[in-house]
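**Student:** one predicted model, sequence on top.
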Amino acid sequence: AQKITQTQPGMFVQEKEAVTLDCTYDTSDPSYGLFWYKQPSSGEMIFLIYQGSYDQQNATEGRYSLNFQKARKSANLVISASQLGDSAMYFCAMREEQGGSEKLVFGKGMKLTVNP
Amino acid sequence: GAGVSQTPSNKVTEKGKYVELRCDPISGHTALYWYRQSLGQGPEFLIYFQGTGAADDSGLPNDRFFAVRPEGSVSTLKIQRTERGDSAVYLCASSSTGAPYEQYFGPGTRLTVT
């Protein structure tokens, strides 16, 4: 079963508008972490934001916020005031904390294009 | 400070040859990870080191793949008898222990097997 699902292959947004990138996950582990990474055309994976499964509040980091809906198993990334430099691939990932493995399981990603 | 570095940035090799890919993690990071990213896909976990030992190698696809981290810092991913299907970008990441657990990635090594 796919653990991380990103169903939007690509999205377009106008500069300065907000955009939501969807991510749903599947786990039976009660303790887990959710991450979003950005991968520009240069190829490097850039950490954006983290949400722990027990965190009471949605995570925020500057223009990035994570809309965490635990019962729905969704962890959507919201980017406010889009900038041209936000054009990139975006990956949602999960870290399950039972069993001692620290690996991240990634979704297939989605491509965001910000238009001027 | 310096981020994760990987060498070489690109490697072209012939089918059947042996290759080594190097990763230099962020200083002080005890955890090191290798991932493989094929075109159009997200990174796929290969192996995770905590210190010198491989704590989880469940992602290594077969026994042609092997990784070491002898002194708990630099790691080498070794691929024997390369196949065309091994062509991908190999990403290395490191992290410190404890929350929030973010992994910092290097720029990757693009491996092409001809």
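**Tutor:** Structure's in. What do you need? Residues are numbered from 1 along each chain as shown, chains lettered A, B, ... in the order given.
**Student:** and the residue of chain A nearest chain B?
**Tutor:** A:Phe106 (3.2 Å; CB to the nearest CB). Every C-beta, even on glycine, is put in place using the N, C-alpha and C of the backbone.
**Student:** how about the contacts made by that residue?
**Tutor:** By CB atoms under 8 Å, 6 or more residues apart in numbering or on different chains, the contact set of A:Phe106 is A:Ile4, A:Tyr37, A:Phe91, A:Cys92, A:Ala93, B:Gly42, B:Pro43, B:Glu44.
**Student:** didn't the last one look like it was pressed against B:Arg36?
**Tutor:** Yes: distance between B:Glu44 and B:Arg36: 5.1 Å, which falls inside the contact criterion (CB atoms under 8 Å).
**Student:** so which of the two has more stuff around it?
**Tutor:** Neighbours were counted for B:Glu44 and for B:Arg36 using other CB atoms under 10 Å in any protein chain shown; B:Arg36 has more, 21 against 18.
**Student:** in which helix or strand would I find the more buried one?
**Tutor:** According to DSSP states H and E, B:Arg36 maps onto strand B:31-37.
**Student:** the helix or strand following that strand packs against which elements?
**Tutor:** Using DSSP H and E, the helix or strand that follows strand B:31-37 in sequence is strand B:44-50. Secondary-structure packing of strand B:44-50 (3 or more CB pairs under 8 Å, 6 or more residues apart in numbering or on different chains; DSSP states H and E): strand B:31-37, strand B:53-56, strand B:65-68, strand B:75-79.
**Student:** just the ones you listed: most buried one?
**Tutor:** Of those, the one with the most neighbours on average (mean count of other CB atoms under 10 Å in any protein chain shown) is strand B:31-37, at a mean of 24.
**Student:** can you list the strands that it pairs with?
**Tutor:** strand B:44-50 (antiparallel), strand B:88-95 (antiparallel) (DSSP bridges).
**Student:** just name the most buried of those.
**Tutor:** Of the strands paired with strand B:31-37, strand B:88-95 is the most buried (mean count of other CB under 10 Å), at a mean of 23.
**Student:** now for whatever helix or strand comes next after that one, which elements pack on it?
**Tutor:** Toward the C-terminus, strand B:88-95 is succeeded by strand B:104-105 as the next helix or strand (DSSP H and E). Identification of packing neighbours for strand B:104-105 by 3+ CB pairs under 8 Å, 6+ apart yields strand A:46-52, strand B:88-95.
**Student:** quick one: contacts of strand B:104-105?
**Tutor:** By CB under 8 Å, 6+ apart, the surrounding residues in contact with strand B:104-105 are A:37, A:44-47, B:3-4, B:26, B:29, B:91-95.
**Student:** how about the residues of chain B by chain A?
**Tutor:** For chain B, the contact set with chain A under CB under 8 Å from any CB of the partner chain comprises B:31, B:33, B:35, B:40-45, B:48, B:50, B:55-56, B:58-59, B:89, B:91, B:93, B:95, B:99-108.
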